[in-house]
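> A predicted structure for the sequence below; I have some questions about it.
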Amino acid sequence: MRKPIIAGNWKMNKTPAEAAALVNELKPLVADAGCDVVVCVPAVDIAAVKEAAAGSNIKVGAQNVHWAKSGAYTGELSADMLVAAGVEYVVIGHSERRQYFGETDQTVNQRVLAAVAAGLKVILCVGEMKDVREAGATDGLVDYQTIMALNGLSAEQVADVIVAYEPVWAIGTGLTATDEQANETIGVIRKAIARKYGQECADKVRIQYGGSMNPKNVKGLMAQPEIDGGLIGGASLKAADFSLVVNYDK
Ligand code: 13P
């Protein structure tokens, strides 16, 4: 059985003081969660969130990582820096980074390899744009994105990676993939992993859905057999909403 994992992706929201306040509000509300609970926060918020989350079941994630150990990469953060700051998870390959910041399947792969080597738990994002779904090319695309991103990892390492299937047309739009669409495409991702790394590995990989997931639609999505959790944007910014998503099974 795969343990469900619900992660908030705060994107570019919250100052350190606001971040600490949100985590303090969240702590008692998610203390009895049956799933892993993670918040992926802006880099400047990591210290404040680590302090606020200390002793709780809330784990801390970052939103990106560079592949080099150190060097002349203005604006970037290394995996070792994140680990030293107490970060356990890192989002890699989010569609906003692919769309707005030139992230490619190759740079996503480099980031994944560096993060895994440093002991970070990767939340790898894949997903199609609207035109790709309309053209009937979704399955091929998510298969390709997944295989390219994980290239160079062993089956043992892949088993620990968390994949987030985020259809780009469902992000921040209020449009959600239907339960069946999400389940089916996540099944495609799992098959791709099984083909290359074996069924045993694929059965261990946790695959989240992301894209306008909220307190209203979480139950239906989580009832699907392939869906092991959620990556939550907008609804992770309010303690009341995020805790309802985390406690979807209550
Ligand atoms: P929304 O939940 O705001 O649609 O964002 C989803 C997302 O991109 C999480 O990474």
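Yep, it's here. All of these numbers come straight from a predicted model, not from anything done at the bench.

> mind checking if stretch 150-168 is in reach of the ligand?
Yes: Stretch 150-168 is in contact with the ligand by CB under 6 Å from any ligand atom, via Glu166. Every residue, glycine included, has its C-beta placed from N, CA and C.

> just the terminal-to-terminal distance for that stretch.
20 Å (CA to CA, to the nearest Å).

> just the mean pLDDT for that stretch, thanks.
In this model, stretch 150-168 has a mean pLDDT of 98.

> next, the buried residues of it.
150, 153, 157-159, 161-168 (16 or more other CB atoms under 10 Å).

> between these, which sits nearest the ligand?
Comparing the buried residues of stretch 150-168 against the ligand with CB to the nearest ligand atom places Glu166 closest, at 5.4 Å.

> circling back: what about the buried residues of stretch 150-168, which are in strands?
Among the buried residues of stretch 150-168, the ones falling in strands (DSSP state E) are 162-165.

> packing partners for the helix or strand bottoming out on mean pLDDT in the chain?
Within the chain, confidence by mean pLDDT, DSSP states H and E is lowest for helix 130-134 among all helices and strands, at a mean of 95. For helix 130-134, there is no helix or strand it packs on, judged by 3 or more CB pairs under 8 Å, 6 or more residues apart in numbering; DSSP states H and E.

> one more time with 10 Å
helix 138-150 (3 or more CB pairs under 10 Å, 6 or more residues apart in numbering; DSSP states H and E).

> chain center to the helix it packs on, what's the gap?
16 Å (CA atoms, centre = their mean, to the nearest Å).

> same check, this time on stretch 43-60
Relative to its parent chain, stretch 43-60 has a centroid offset of 17 Å by CA atoms, centre = their mean.

> same check on stretch 19-37?
Put simply, stretch 19-37 sits 17 Å off its chain's centre (CA atoms, centre = their mean).

> pull out the buried positions in that stretch.
For stretch 19-37, by 16+ other CB under 10 Å, it's 19-20, 22-23, 26-27, 30, 33, 35-37.

> widest-spaced pair of those residues?
Ala20 and Cys35 (22.9 Å; CB to CB).

> for the spatially most central residue of the chain, what are its contacts?
The residue lying closest to the centre of the chain (CA atoms, centre = their mean) is Ile123, at 3.9 Å. The neighbourhood of Ile123, defined by CB atoms under 10 Å, 6 or more residues apart in numbering, consists of 5, 7, 9, 38, 40, 61-63, 89-94, 115, 161-164, 206, 208, 210, 229, 231.
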